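S.K.: Below is the structure, and that's it, no one-letter string:
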Ligand SMILES: [Zn+2]
């Protein structure tokens, strides 16, 4: 397991970031390299890396459509789209907690103990990955999925796949191979 974490600095918008701004910390949050203060989201990032050694990247975002579901308190944990079941898995809807507090950090870490995607009420999304590319692709897929569910809702509501089919999709041998390949490509 790696002992160093790269994280965005506090106070910078993502659009203004360059590699020089990135802060390197250890798993206790001590700054090892970088001129800026680490993000106020650092505590829960470190908790996830501590608890889930297979996780090597975390993407937290405020995407407009999945964020709309989050603000409406409408779950995206809907077993309807094969690609999401295979690549993202379950998407719990986390209760609201005040950002930057320790209660918030603990709630996120607890909510993500066995899932790679999270919808946070009144806030946004978090996805995890074996590398940055995978975590980023999961955020993009989640946002596309929110659009798809919105359209399906207009057309009478998404049709759920039965639990045994969702389980089958999550454990497909062919898909395990594809996921492993994707993890290795972007390592
Ligand atoms: Zn946020």
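M.R.: That came through fine. Not measured: the values here are computed from a predicted model.

S.K.: Can you give me the domain assignment for this structure?
M.R.: For the chain, whose domains are defined here by automatic domain parsing, the residue ranges read 1-39, 56-185.

S.K.: for those, which one ends up most surrounded?
M.R.: A comparison of these by mean neighbour count, using mean count of other Cβ atoms under 10 Å, puts domain 56-185 on top with a mean of 16. In this view, the C-beta of every residue, glycine as well, is placed from N, C-alpha and C.

S.K.: Give me the distance between the two termini of that one.
M.R.: 14 Å (Cα to Cα, to the nearest Å).

S.K.: Distance from the chain centre to it, please.
M.R.: Here domain 56-185 shows a centroid-to-chain-centroid distance of 7 Å under the convention Cα atoms, centre = their mean, to the nearest Å.

S.K.: Start at 291, not 1
M.R.: Renumbered: residue one is now 291, and that last one reads domain 346-475.

S.K.: what's the model's confidence in that domain, averaged?
M.R.: Along domain 346-475, the predicted confidence averages to a pLDDT of 94.

S.K.: swap in stretch 302-312?
M.R.: When the per-residue pLDDT values of stretch 302-312 are averaged, the result is 91.

S.K.: Quick check: end-to-end length of that stretch?
M.R.: When the termini of stretch 302-312 are compared using Cα to Cα, they are 10 Å apart.

S.K.: in the chain, which spans are strands?
M.R.: Per DSSP state E, the chain has strands spanning 294-297, 313-316, 321-323, 347-351, 383-384, 407-410, 414-419. These are given in chain order.

S.K.: Just checking: what are the partner strands of the last one?
M.R.: Looking back up the chat, that one is strand 414-419. With DSSP bridges as the test, strand 414-419 is paired with strand 347-351 (antiparallel), strand 407-410 (antiparallel).

S.K.: and of those, who's closest to residue 433?
M.R.: Closest of the strands paired with strand 414-419 to residue 433 is strand 347-351, at 8.1 Å (criterion: Cβ to Cβ).

S.K.: can you pull out the helices in this structure?
M.R.: Per DSSP state H, the chain carries helices over the ranges 332-341, 354-362, 372-377, 392-401, 422-444, 453-460, 463-475.

S.K.: which helices and strands does the last one pack with?
M.R.: Taking 3 or more Cβ pairs under 8 Å, 6 or more residues apart in numbering; DSSP states H and E as the contact definition, the neighbouring helices and strands of helix 463-475 are helix 372-377, helix 422-444.
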